[in-house]
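Peer 1: Let me see the structure of the following:
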Amino acid sequence: MDDNLKLVILDRDGVINEDSDAFIKSESEWVPLPGAIDAMASLSKAGFTLVVATNQSGLARGLFDLDDLEAMHAKMAQLVESQGGALSAVFYCPHGPDDGCNCRKPKPGLIDAIEAEFDTSASGVPLVGDSLRDLEAGISKGCDPILVLTGKGRKTQASIEQQAPDWANKLVVCEDLAAAAHHIQTVYG
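Peer 2: Below you'll find the predicted structure:
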């Protein structure tokens with residue numbers, strides 16, 4: 001088990017790139033949010049291992065294929081590399097909401113896979129997301145939840161305030177991924 005690994009788990013749509021209710025279906029539709037790539041590169045250069053965990057039900061829905069998804073992820077990785085950083089891995093759930101898999105967030109399967117791949121525990125690892133299901137997947141594995149207010153973040157924040165789950169007191173709220181990266185470097189660096 002690697003106890004020196006400084007892991008950060010990021011959701012993709014709404015955290016790193018613009019989100020769309022019509023799904024992000026191609027490399028050209030994959031547009032990074034302002035400051036997100038710089039934030040990722042900054043974390044990487046500070047010694048953090050960046051991993052993306054993302055639901056991609058558009059695959060199951062036939063909206064795009066694996067080549068399209070890989071092109072989006074190659075673009076994301078290349079942009080981070082162009083800023084001097086590295087994206088270590090992208091884990092994705094290709095299933096639809098009714099497929100009954102264990103990898104679709106809020107279930108913990110993607111984080112289980114990350115733990116296995118990196119031979120580490122996700123407990124205490126910062127997890128950045130914009131939706132309740134992102135945060136719930138992380139919380140189920142002991143991650144430290146960070147909500148960004150980009151994407152669906154503001155709607156999620158209102159929902160959390162209304163529901164007041166028992167983990168809400170552990171939640172850190174940041175304006176965007178740049179603010180989250182600053183928080184992570186300050187607290188976990």
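Peer 1: Which elements pack onto the strand ranked longest in the chain?
Peer 2: Using DSSP state E to define each element, the chain has its longest strand at strand 49-55. Judged by 3 or more CB pairs under 8 Å, 6 or more residues apart in numbering; DSSP states H and E, the packing partners of strand 49-55 are strand 7-10, helix 36-45, helix 66-82, strand 89-93, helix 109-118, helix 132-140. Bear in mind the C-beta positions are built from the backbone N, C-alpha and C, glycine included.
Peer 1: Would you format these as CSV with mean neighbour count included?
Peer 2: CSV is the format used below for the helices and strands packed on strand 49-55 (neighbours: other CB atoms under 10 Å):
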stretch, mean neighbour count
strand 7-10, 25
helix 36-45, 23
helix 66-82, 17
strand 89-93, 19
helix 109-118, 18
helix 132-140, 23
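Peer 1: could you dump the ones you listed to JSON lines with mean pLDDT and distance to residue 51?
Peer 2: Listed next are those as JSON lines, based on pLDDT from 0 to 100; distance: least, CB to CB, whole Å:
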{"stretch": "strand 7-10", "mean pLDDT": "98", "distance to residue 51": "5"}
{"stretch": "helix 36-45", "mean pLDDT": "98", "distance to residue 51": "11"}
{"stretch": "helix 66-82", "mean pLDDT": "98", "distance to residue 51": "12"}
{"stretch": "strand 89-93", "mean pLDDT": "98", "distance to residue 51": "5"}
{"stretch": "helix 109-118", "mean pLDDT": "98", "distance to residue 51": "6"}
{"stretch": "helix 132-140", "mean pLDDT": "97", "distance to residue 51": "12"}
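Peer 1: so which of these gets nearest residue 56?
Peer 2: Residue 56 sits nearest to strand 89-93 of all the helices and strands packed on strand 49-55, at 4.6 Å, using CB to CB.
Peer 1: Look at the residue in the chain sticking out farthest from the centre and report its pLDDT.
Peer 2: Going by CA atoms, centre = their mean, the residue of the chain most distant from its centre is residue 162, 23.5 Å out. Predicted confidence (pLDDT) for residue 162: 94.
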